[in-house]
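> any chance you can model this:
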Amino acid sequence: MIQIEISRYGPPEVLRLREVPDMQPSRGQVRIRVKASGINFADILARKGLYPDAPKPPCVVGYEVAGVVDAVGAEVSSDWMGKRVLALTRFGGYSHSVIVDASFIREIPATLGFPEAAALPVNYLTAYQLVVVMGGLTAGDTLLIHNAGGGVGLAALDIAKRIGARTIGTASAHKHRFLTQRGLDAAVDYRKQDWVEEVFRLTEGKGVELAIDPIGGKSFRKSYQVLRATGRLGVFGISAATEQKGNRKWNLLKIALQMPFFHPIGLMNRNRGVFGVNLGHLWNESEKVRGWLQAIVDGVREGWVRPHVDRTFPFARAAEAHQYIESRQNLGKVILVPEE
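Numbering: from 1, shown residues only. Okay, the predicted model is just below:
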């Protein structure tokens, strides 16, 4: 089978195709013949040597796939054979086939194709944890979504609309029309507008109940600034690290020094909360994650979960796909598709 490996840390061109033998599932596992593999910002950070959880190069990343079960291990029902499924993977998703624990697969709803199904697991689970599980968003609240045009941003928008919350999103101007058509209540051009001032203007000076921020550095400080009393800040990434040039460790240190320090007394006095989300550190909470994933799949069947795929790229053009995301061109998910 063919895999896409990170041959060494560096630019998109370090992504290479390699051929390895097919693997066989062990007890409790299934093998999926991959039809679509999702790209996430963690993959780009891993390629640049900025994601400490990733294996050292040469390695194969990828957290989510959609495909067809073509082998099952012991203690797994043979009824799974031939079924269209989506799955979370602990790396290895950039591959023609993957081995995963059967508890982390779900049958794909009939309304979705493989690319749309591969857009579900990471983005929607992250958004669900941010908005519902830890963010506690309720009807009538206001949610600030940074990078609203990205995969997590669109997923958070779907969830917030389901809840009945008001939404404000930061994004480049060319994405605003699409976002308002998807249901975003107010779009802010973070490149040309002072988004802190805009958020306060849009909320009549009150601020927001929940802000979700994947950027890092000084953006965390500003997002905390726009919280109203009882507001929460959910942080889930440091995408600012990919915009820096030069020594990666020094760049990470500079971004870390720009981040605010949240003291418990200050949080108490201002009636605010701050929390972090890292889906890759929840493998020991599989029962919770499976429950969230089932709620998302149910949301597809109910019609309120609407994964949006911007573009698909064949495995041979993985470098181009990474560059497309890094240049902030994508609206929603970018998917890798194995060549037959």
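> nearest spatial neighbour of K206, skipping sequence neighbours?
Closest residue to K206 in three dimensions, ignoring its sequence neighbours and counting by C-beta to C-beta, 6 or more residues apart in numbering: R228, at 4.8 Å. Backbone N, C-alpha and C define where each C-beta goes, glycine included.
> before we move on, which element is the one you found in?
With the criterion set as DSSP states H and E, the secondary-structure element containing R228 is strand 227-235.
> give me the buried positions along that strand.
By neighbour count with 16 or more other C-beta atoms under 10 Å, strand 227-235 contains the buried residues L227, R228, G231, R232, L233, G234, V235.
> so the residue nearest to K206 touches G205, yeah?
No. R228 sits out of contact with G205 when judged by C-beta atoms under 8 Å, with a separation of 9.2 Å.
> got the phi/psi numbers for G151?
phi -60, psi -50 (degrees, to the nearest 10).
> that one: what's it in contact with?
With contacts defined as C-beta atoms under 8 Å, 6 or more residues apart in numbering, the neighbours of G151 are G38, N40, A119, V122, N123, G332, K333.
> what's around the third one, how many residues?
Applying other C-beta atoms under 10 Å, we find 29 residues neighbouring A119.
> mind listing what's buried along the helix ranked longest in the chain?
Of all the elements of type helix in the chain, the one with the most residues (DSSP state H) is helix 286-302. Using 16+ other C-beta under 10 Å as the test for burial, helix 286-302 gives V289, W292, L293, I296, V297, G299, V300.
> and for stretch 48-67?
Using 16+ other C-beta under 10 Å as the burial criterion, the residues of stretch 48-67 that qualify are 48-51, 54, 57, 59-67.
> looking at these, which are in strands?
Among those, the members falling in strands are E64, V65, A66, G67 (criterion: DSSP state E).
> which among these gets closest to I99?
I99 has its nearest neighbour among these in V65, at 10.9 Å by C-beta to C-beta.
> partner residues bridging that closest one?
Note on V65: beta-bridge partners by DSSP bridges are S37, A87.
> follow-up on the earlier one: list the helices and strands the longest helix of the chain packs on?
strand 84-88, strand 105-107, helix 121-128 (3 or more C-beta pairs under 8 Å, 6 or more residues apart in numbering; DSSP states H and E).
> go again with 6 Å.
Helix 286-302 makes packing contacts with helix 121-128 when contacts are defined by 3 or more C-beta pairs under 6 Å, 6 or more residues apart in numbering; DSSP states H and E.
> quick check: angle from the helix it packs on to strand 84-88?
Angular relation of helix 121-128 and strand 84-88 on a 0 to 180 degree scale: 60 degrees, by axes from the mean of the first three to the mean of the last three C-alpha atoms, to 10 degrees.
> so where's the stretch 201-340 of the chain shaky on pLDDT?
Using pLDDT under 70 as the threshold, the predicted model of the stretch 201-340 of the chain has low-confidence ranges 240-255, 257, 340.
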